[in-house]
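Participant: I would like to see how this sequence folds:
(2 chains)
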Amino acid sequence: MRAFWKANQLKLAPWLFLAPGIFMFVLYVILPVFQSLDISFYAWDGLGEKEYVGMANYVELMDDEAFYTALQNNIIWLVLYMLAVPAGLFVALFLNQTVRGIRIYKSLFFFPFVISQVVVGLVFSWFYDPTNGLMNVLLNAIGFDSIAVLADERFVTYGIIVAGLWPQTAYCMILYLTGLNSVDPEQIEAGRLDNAKGWRMLWYIILPQLRPATFIAVVVTVIGALRSFDLISIMTSGGPWGSSRVLAYYMYEQAFSEYGFRMGYGAAIAVVLFFIMMIYIAGFLYKMYRDEKGH
Amino acid sequence: MKNKNNLFKQSLATLALATVFSSSAFAGKLVINTDTSDPAPKKAFEDVIAGFEAENPDVQVTLNLFDHEGYKTSIRNFLTADAPDLATWYAGNRMLPYVNAGLFESVDDVWENNGLNKSLASAAASMTIDDKKWGVPYTYYQWGVYYRKDLFAANNIAVPTNWAEFKAAGATLKAAGITPITIGTKYLWTAAGVFDYLNLRTNGYDFHMALTKGEVSWTDERVVKTMNNWKELVDAGFFLDNHAAYSWQEALAPMVQGKAAMYVMGNFAVAPLRDAGLTKDQLGFFQFPEITPGIEMAEDAPTDTLHIPANAKNKVDAKKFLAYLARADVQTQMNETLGQLPINSASVAGDDEFLQAGFKMLSNTSQVAQFFDRDAPAEMAKAGMEGFQEFMVKPERLATILKRLEKVRNRVYK
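Facilitator: Residues are numbered from 1 along each chain as shown, chains lettered A, B, ... in the order given. As a prediction, the model looks like this:
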């Protein structure tokens, strides 16, 4: 036993250290993935007998308008949420100076990320309120009609995304602020000598050095967009008539909400969402792999 | 140190013993789970329990209060995992999933032995599935039109009793710059109340029940007739603007401020309206007016109920409690606190004017619907209410919406 340990210590130790993590990951992530896949082939209300229905849930999903609305909203979320990355960069550049009290300004800009998404959702619901909301009071003051953002199927998703961008921008800002700290002053100096200023300086000197920060910012923003659940739940509950649902919310509604409890159908939505995420995760893993190899 | 350690061990042992005792219910321990988290229902239940304990000193009741919304999902867990001896729920189709899954206990003997078939006759139908009774109802409340008396008087409007008068009243209010009906459809179910009444008045109770039971197509011309009546109101601007942005509580505000005159609602709206400052001379109630002449005026009156879970540990005392809860004097007192109507025919309704109005209205009909989301199965209810909300904003999509509901119907009722 002892001899075996001596001989293989170097090989075994990392696995021993990884074991708790692997155990948790298998128990709470890997197994549920397969369980979901399994449940998606059944009709089940969570209480009674499961009934095997084969691909019926998926067939129904393909013919479900609500599914396509949710899918479309997911794509809108993914695209528009990316605005948080450049927005965060510019706020960070703006705050990256040494004046009196800059720490206070920085924390004020970071504030929305610290407060709960539920609070953000509530604040924006009041902001959009058709009668007393600040937005409509302002619109009326300059002579426009009120817009009920959250009750109008044309605007509702964009309205929620704007609310989501507020904390997400703050998050990206913090990432860039730390990134800016490690920008090499000598390179900036060298750039200056070569007459680089403003945009050119930003594009050719600063941004390349911020690449790690940008990478992380994009990753967390994509994740943020895909789990855009709490804001939708707080601000609209998916409404009006389901036009602000995303896949994650639709899945929750079908499986766990007051009128839901179609576990099989919810699981089918989860599986579809999983495969959509897989595309992104695969790309992410590939990039990581390539980067590690390159160095 | 040693002493301390002993003490610690001792208290640990007591603790363990205590948990053993509290989790295993001996005869004489009764656990009740309720969703009565609001002040009035909470007090009503506490009073009932106090009364029951006074009459049955050997029984000790534990009350577990749940948040009203959270209860709807918790019940699924505790019925299977750690069942109480009694649990509140709702009548009608809403209890079907639990009855089908064998999680509720049939209580026919309680009904039989205590003469409830007679005293609770009005609610018997809504408690029956497969010819068995599955619980005991203890309260219900009327739906109807709550209105601003002073606004009606100021515009010389009499209480409308038929469709033409109702529309004329709305037109007059509209001309005076007042929104005829306030409503907040953010959480959907309020729209279902309007649909229930329009359909009950247009096509009658039997048709409405057939529709919610899935026996009639949603594209049936009678449904279209109901929806066209609704469209008349929508097109005439009867309903509050941007109603999809408001909850039902938020929609109370325009009525309190005098910007809206009517609210199709349940009796629970009275308390907040009064709290907001509406006086006796300002707030009134009338029955939803007749639409198709000659059809009996059926009503929506949701019933709240108490059930014995199949996994309950102390069914003997649970049945005793149900019998107590069904008694006339108990229901009288309880509903006094609740501000709602007792089910027992020998009970007395509180002398609040709205309770009396509701009591009179409901005594005149044998046709009582529970509510759209309790009469129709959950999936159908959800799709239906979403459709109603969409229709109230985009009435031109009627055909698409009905086709979608028909698709859901074909899937839900198999």
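Participant: what is the burial count for residue B:308?
Facilitator: 25 (other Cβ atoms under 10 Å in any protein chain shown). Any C-beta I mention is one placed from the backbone N, CA and C, and that applies to glycine too.
Participant: surely it touches residue B:316?
Facilitator: No: between residue B:308 and residue B:316 there is no contact under Cβ atoms under 8 Å: 10.4 Å.
Participant: now residue A:220, nearest residue through space, not along the chain?
Facilitator: residue A:171 (6.3 Å; Cβ to Cβ, 6 or more residues apart in numbering or on different chains).
Participant: surely that neighbour meets residue A:84?
Facilitator: Yes: look at residue A:171 against residue A:84 with Cβ under 8 Å: they come within range, at 7.3 Å.
Participant: what is in contact with the two at once?
Facilitator: A:217, A:221, A:224 (Cβ atoms under 8 Å, 6 or more residues apart in numbering or on different chains).
Participant: tell me which element the first one falls in.
Facilitator: Read it as residue A:217. helix A:211-226 (DSSP states H and E).
Participant: contacts only, for residue 41.
Facilitator: I'll assume chain A. By Cβ under 8 Å, 6+ apart, the neighbours of residue A:41 are A:52, A:53, A:54, A:55, A:57, A:264.
Participant: should've been chain B
Facilitator: B:34, B:338.
Participant: just to be sure, it is in a helix?
Facilitator: Yes: Residue B:41 forms part of a helix when assessed by DSSP: H, G, I helix; E, B strand; the rest coil.
Participant: quick check, pLDDT for it.
Facilitator: Per-residue confidence (pLDDT) for residue B:41: 84.
Participant: quick revisit: ok, and the most crowded of the shared contacts of residue A:171 and residue A:84?
Facilitator: Neighbour max across those (other Cβ under 10 Å) = residue A:217, 26 neighbours.
Participant: now do the contacts for it.
Facilitator: A:84, A:85, A:88, A:89, A:171, A:172, A:175, A:176.
Participant: now do residue A:240
Facilitator: Counting by Cβ under 8 Å, 6+ apart, residue A:240 has contacts A:150, A:151, A:152, A:153, A:156, B:185, B:186, B:244, B:389, B:390, B:393.
Participant: make TSV out of these and add neighbour count, secondary structure and distance to residue A:47.
Facilitator: As requested, the contacts of residue A:240 are exported to TSV (neighbours: other Cβ atoms under 10 Å in any protein chain shown; DSSP: H, G, I helix; E, B strand; the rest coil; distance: Cβ to Cβ, whole Å):
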residue	neighbour count	secondary structure	distance to residue A:47
A:150	27	helix	34
A:151	24	helix	35
A:152	18	coil	38
A:153	17	coil	34
A:156	26	helix	33
B:185	31	coil	30
B:186	23	coil	29
B:244	28	helix	32
B:389	27	helix	28
B:390	24	helix	30
B:393	19	helix	35
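Participant: which two among these are spaced furthest apart?
Facilitator: Maximum pairwise distance in these, criterion Cβ to Cβ, is 14.9 Å, between A:150 and B:390.
Participant: on that earlier part again, just the buried ones out of the contacts of residue A:217, please.
Facilitator: A:84, A:85, A:88, A:89, A:171, A:172, A:175, A:176 (16 or more other Cβ atoms under 10 Å in any protein chain shown).
Participant: wait, which of the residues you listed is closest to residue A:241?
Facilitator: Nearest to residue A:241 among the buried ones among the contacts of residue A:217, with distances taken as Cβ to Cβ, is residue A:84, at 28.4 Å.
Participant: could you measure from the closest one over to residue A:170?
Facilitator: Per Cβ to Cβ, to the nearest Å, residue A:84 is found 9 Å from residue A:170.
Participant: repeat that for residue A:5.
Facilitator: 49 Å.
Participant: burial of the nearest residue to residue A:230 once chain neighbours are set aside, as a residue count?
Facilitator: Leaving aside its chain neighbours, residue A:230 sits nearest to residue A:117 (4.3 Å; criterion: Cβ to Cβ, 6+ apart). By the criterion of other Cβ under 10 Å, residue A:117 has 20 neighbours.
Participant: so residue A:117 sits right up against residue A:168, yeah?
Facilitator: No: in this structure, residue A:117 is not within contact of residue A:168 by Cβ under 8 Å, at 10.2 Å.
Participant: so what's residue B:235 up against?
Facilitator: Contacts of residue B:235 (Cβ under 8 Å, 6+ apart): residue B:395.
Participant: give me the pLDDT for it.
Facilitator: 91.
Participant: ok, now how distant is it from chain A?
Facilitator: Distance, residue B:235 to chain A, by Cβ to the nearest Cβ, to the nearest Å: 18 Å.
Participant: swap in residue B:115?
Facilitator: For residue B:115, the distance to chain A - Cβ to the nearest Cβ - is 33 Å.
Participant: spatially central residue for the chain, please.
Facilitator: You didn't pick a chain, so chain A it is. residue A:224 (1.1 Å; Cα atoms, centre = their mean).
Participant: correction: the question concerned chain B.
Facilitator: Central residue of chain B (Cα atoms, centre = their mean): residue B:302, at 3.7 Å.
Participant: just the strands in the chain please.
Facilitator: Just so you know, I chose chain A. A:42-43, A:51-52 (DSSP state E).
Participant: actually chain B
Facilitator: B:29-34, B:60-65, B:86-90, B:128-129, B:132-133, B:136-140, B:143-148, B:179-181, B:260-266, B:283-286, B:299-300, B:303-307, B:368-369.
Participant: okay, these in a markdown table with mean pLDDT, mean neighbour count and distance to residue B:77 next?
Facilitator: Below are these laid out as a markdown table (pLDDT from 0 to 100; neighbours: other Cβ atoms under 10 Å in any protein chain shown; distance: least, Cβ to Cβ, whole Å):
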| stretch | mean pLDDT | mean neighbour count | distance to residue B:77 |
| --- | --- | --- | --- |
| strand B:29-34 | 90 | 23 | 11 |
| strand B:60-65 | 89 | 16 | 13 |
| strand B:86-90 | 91 | 24 | 12 |
| strand B:128-129 | 86 | 16 | 22 |
| strand B:132-133 | 89 | 18 | 25 |
| strand B:136-140 | 89 | 25 | 23 |
| strand B:143-148 | 92 | 24 | 31 |
| strand B:179-181 | 92 | 23 | 39 |
| strand B:260-266 | 92 | 25 | 28 |
| strand B:283-286 | 90 | 20 | 39 |
| strand B:299-300 | 89 | 23 | 30 |
| strand B:303-307 | 89 | 24 | 16 |
| strand B:368-369 | 86 | 22 | 30 |
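Participant: residue B:139 and residue B:339 touch, don't they?
Facilitator: No: taking Cβ under 8 Å as the definition, residue B:139 is not a contact partner of residue B:339, at 9.6 Å.
Participant: okay, the nearest residue to residue A:48 once chain neighbours are set aside and residue A:46: tell me how far apart.
Facilitator: Spatial nearest neighbour of residue A:48, excluding adjacent residues (Cβ to Cβ, 6+ apart): residue B:101 at 4.4 Å. The gap separating residue B:101 from residue A:46 is 9 Å, by Cβ to Cβ.
Participant: with residue B:286 instead?
Facilitator: From residue B:286 over to residue A:46 (counting by Cβ to Cβ), the distance is 42 Å.
Participant: before we move on, what about residue B:309?
Facilitator: Distance from residue B:309 to residue A:46, by Cβ to Cβ: 16 Å.
Participant: quick one, which of these two is more surrounded?
Facilitator: Neighbours were counted for residue B:309 and for residue A:46 using other Cβ under 10 Å; residue B:309 has more, 25 against 19.
Participant: for the closest residue to that one other than its chain neighbours, give me its contacts.
Facilitator: With sequence-adjacent residues excluded and distances taken as Cβ to Cβ, 6+ apart, residue B:309 is closest to residue B:83, at 3.9 Å. Under the criterion of Cβ under 8 Å, 6+ apart, the neighbours of residue B:83 are B:103, B:309, B:310, B:311, B:312, B:313.
Participant: what does chain B have sitting close to chain A?
Facilitator: B:69, B:72-73, B:76, B:79-80, B:97-98, B:100-101, B:103, B:185-188, B:241-245, B:373, B:378-379, B:381-382, B:386-387, B:389-390, B:393, B:404, B:411 (Cβ under 8 Å from any Cβ of the partner chain).
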